[in-house]
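Participant: quick one: sequence plus predicted model below, questions after.
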Amino acid sequence: MKSTRILLPFLPLTAAFGRSLNQLPSSSFQKHKNDAAFLPAKGKSSPINDILQKQMPARGGSSLEMTTNPFITEVVPKIGILTSTLLYFSPMAAVAAASKDNTLGELNPTPLAIMAVSSLAWLIYGLSIQDPYVTLSNLPGFIASVWYVVSVLPLTKGSQLKTMQNITVALAALTINLWTFLSLANKPIAEVRKALGLFASGLFVVLAGSPLSTIKTVLSTKNSGSILAPMTFAQVTNTALWTAYGMAIKDTFVWGPNATGLGFGLIQLVLKILFPSK
């Protein structure tokens with residue numbers, strides 16, 4: 001299929017991610033556990049320790065007392081990288097078909113516009129906390145989602161086109177302005193991470209619930225064709241895994257939005273079962 005050839009240069013990158021999973025650090029837990037060694041003992045303080053406490057806080061503003069269960073801190077996030085990639089690649093077939101037929105059909109383009117900025121926001125958050133799992137799980141998705149937006153924009157018309165343009169430009173502008181502010185405001189790293197985490201979390205919640213923007217149509221027509229089944233199944237699986245991992249490493253910005261996304265995904269799954277696509 002002609003349209004899918006655009007993604008061929010990126011396939012080796014995805015394959016490289018798979019090969020590199022076993023080369024990742026034993027867990028991001030270990031990195032933050034090592035950070036804790038530099039922090040002062042309870043009740044003790046020093047100028048150096050005060051600085052370290054300010055500059056190297058726990059992730060997500062939570063306690064450093066994380067679970068050491070290797071399955072949760074090592075196996076789950078590695079599987080999460082694969083499920084995140086599947087989630088981001090799940091609209092590919094529908095987008096390719098729409099591009100080939102030169103019509104959107106029942107494809108809802110709104111989640112695609114949000115996905116592009118959301119995956120970028122999570123990529124930057126993952127880099128800020130130096131978590132290879134969060135970072136690698138969003139890199140392929142950002143590349144794919146940019147292709148989705150570029151592919152569907154020429155197919156949108158009227159109010160749908162205006163909505164796509166407004167969402168893409170508004171979220172991109174918000175993202176760039178946030179990064180500019182954080183870069184120039186000379187904020188402590190803890191505040192920078194918190195701001196990036198909150199922003200990424202908010203975008204993911206919006207992304208996870210965006211397929212429900214057509215819920216009125218689904219209920220009135222009793223047809224869930226506008227809700228992509230592959231994306232729904234991938235969302236449920238992916239968010240369940242990242243919720244478990246986020247709770248294990250005590251990062252609210254990881255488990256919070258993913259738990260919400262899991263709820264939205266289950267709602268979509270129920271709609272797909274009650275009102276099959278016609």
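Facilitator: The structure has been received and is ready for your questions.
Participant: every contact and neighbour count from this point should use C-alpha atoms.
Facilitator: Fine.
Participant: counting neighbours, what do you get for A185?
Facilitator: As a burial measure, A185 scores 10 neighbours (other C-alpha atoms under 10 Å).
Participant: where does it fall, phi/psi-wise?
Facilitator: When read as degrees, to the nearest 10, the backbone of A185 gives phi -80, psi -10.
Participant: what of the one 3 residues further on?
Facilitator: In terms of degrees, to the nearest 10, the main-chain angles of P188 are phi -60, psi 150.
Participant: could you check how far the top helix by length along the chain is from the centre of its chain?
Facilitator: Secondary structure of the chain per DSSP state H: the longest helix is helix 158-184. Mean-position distance between helix 158-184 and its chain equals 17 Å (C-alpha atoms, centre = their mean, to the nearest Å).
Participant: before we move on, what about stretch 127-141?
Facilitator: 9 Å.
Participant: CA atoms only for it, dumped as PDB, please.
Facilitator: Output of stretch 127-141 as PDB, limited to C-alpha atoms (Å, rounded to 0.1, in the frame of the first residue of the first chain):
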ATOM      1  CA  LEU A 127      13.600  12.300  29.300                       C
ATOM      2  CA  SER A 128      13.200  14.700  32.200                       C
ATOM      3  CA  ILE A 129      13.000  11.900  34.800                       C
ATOM      4  CA  GLN A 130      15.500   9.800  32.800                       C
ATOM      5  CA  ASP A 131      13.200   6.800  32.600                       C
ATOM      6  CA  PRO A 132      14.000   4.700  29.600                       C
ATOM      7  CA  TYR A 133      10.700   2.900  29.700                       C
ATOM      8  CA  VAL A 134       8.500   6.000  29.600                       C
ATOM      9  CA  THR A 135      10.800   7.500  26.900                       C
ATOM     10  CA  LEU A 136      11.000   4.500  24.600                       C
ATOM     11  CA  SER A 137       7.300   3.800  24.800                       C
ATOM     12  CA  ASN A 138       6.400   7.100  23.300                       C
ATOM     13  CA  LEU A 139       9.100   7.700  20.700                       C
ATOM     14  CA  PRO A 140       7.600   5.400  18.000                       C
ATOM     15  CA  GLY A 141       4.200   6.800  18.800                       C
END
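Participant: now do the helix or strand just after the longest helix of the chain: which elements does it pack against?
Facilitator: Next along the chain after helix 158-184, taking DSSP states H and E as the criterion, comes helix 189-209. Applying 3 or more C-alpha pairs under 8 Å, 6 or more residues apart in numbering; DSSP states H and E, one finds that helix 189-209 contacts helix 47-55, helix 110-128, helix 252-274.
Participant: could I get the ones you listed as a markdown table with distance to F71?
Facilitator: Shown next, in a markdown table, are the helices and strands packed on helix 189-209 (distance: least, C-alpha to C-alpha, whole Å):
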| stretch | distance to F71 |
| --- | --- |
| helix 47-55 | 29 |
| helix 110-128 | 20 |
| helix 252-274 | 16 |
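Participant: closest to A190 out of those?
Facilitator: Closest approach to A190 among those is made by helix 47-55 (6.2 Å; C-alpha to C-alpha).
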